[in-house]
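Enquirer: Let me see the structure of the following:
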Amino acid sequence: MRWGIAGRIAVSWLLTLPAAAAVGGVAAWVADRGDAGVALVASIAVVAAAGFYALSRRRPVNSGNVNELPAAERPEHPVRPAA
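Expert: This is a model prediction of the structure:
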């Protein structure tokens, strides 16, 4: 078990869940203002989704590069598989 990685995962959950609740609460508050609020929340969601998609296309993952490690993470000495 790599406790450093487990700690980073725990911290990310502790930050992500309250942030998601805050965003959802604000979106619900805006949407409760009427049709204009619903349209505003929907348009913000569409713009955010398009932005996420555009960011994901900068370095697309495919069958040829799915297992490649970034240059900074490549081990200096390759690890041999266990027998």
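Enquirer: and Leu40, how many neighbours?
Expert: Here the number of neighbours of Leu40 (other C-beta atoms under 10 Å) works out to 15. All C-beta atoms are positioned from the backbone trio N, CA, C, and that covers glycine.
Enquirer: quick one: it and Trp29 touch, right?
Expert: No: using C-beta atoms under 8 Å as the test, Leu40 is too far from Trp29 to be in contact (11.3 Å).
Enquirer: how about the strands in the chain?
Expert: Using DSSP state E, no strands are found in the chain.
Enquirer: Now do the contacts for the most centrally placed residue in the chain.
Expert: For the chain, the residue nearest the mean C-alpha position is Phe52 (8.9 Å; C-alpha atoms, centre = their mean). Contacts for Phe52 (C-beta atoms under 8 Å, 6 or more residues apart in numbering) come out as none.
Enquirer: Quick check: which ranges of the chain have low pLDDT?
Expert: 72-76, 83 (pLDDT under 70).
Enquirer: For it, just list every one of the helices.
Expert: 3-31, 35-56 (DSSP state H).
Enquirer: Nearest to Arg80, out of these?
Expert: helix 3-31 (22.9 Å; C-beta to C-beta).
Enquirer: Give me the helices and strands touching the closest one, please.
Expert: helix 35-56 (3 or more C-beta pairs under 8 Å, 6 or more residues apart in numbering; DSSP states H and E).
Enquirer: Just want the angle from the helix it packs on to helix 3-31.
Expert: 150 degrees (axes from the mean of the first three to the mean of the last three C-alpha atoms, to 10 degrees).
Enquirer: Flag every buried residue along helix 35-56.
Expert: Using 16 or more other C-beta atoms under 10 Å as the test for burial, helix 35-56 gives Val41.
Enquirer: cool, stretch 57-71 as well?
Expert: Buried-residue list, stretch 57-71, by 16+ other C-beta under 10 Å: empty.
Enquirer: can I have that stretch written out in CSV, keeping just the CAs?
Expert: C-alpha atoms of stretch 57-71 as CSV (Å, rounded to 0.1, in the frame of the first residue of the first chain):
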residue,chain,number,x,y,z
ARG,A,57,-8.5,16.4,-27.3
ARG,A,58,-5.2,18.1,-26.8
ARG,A,59,-3.5,14.8,-26.1
PRO,A,60,-5.9,12.1,-27.1
VAL,A,61,-5.5,8.6,-25.8
ASN,A,62,-5.7,5.7,-28.3
SER,A,63,-4.6,2.1,-28.6
GLY,A,64,-1.1,3.2,-29.6
ASN,A,65,-0.3,5.3,-26.6
VAL,A,66,-2.6,4.1,-23.8
ASN,A,67,0.3,2.5,-21.9
GLU,A,68,3.0,5.1,-22.4
LEU,A,69,4.4,6.9,-19.4
PRO,A,70,5.2,10.6,-19.5
ALA,A,71,9.0,11.3,-19.8
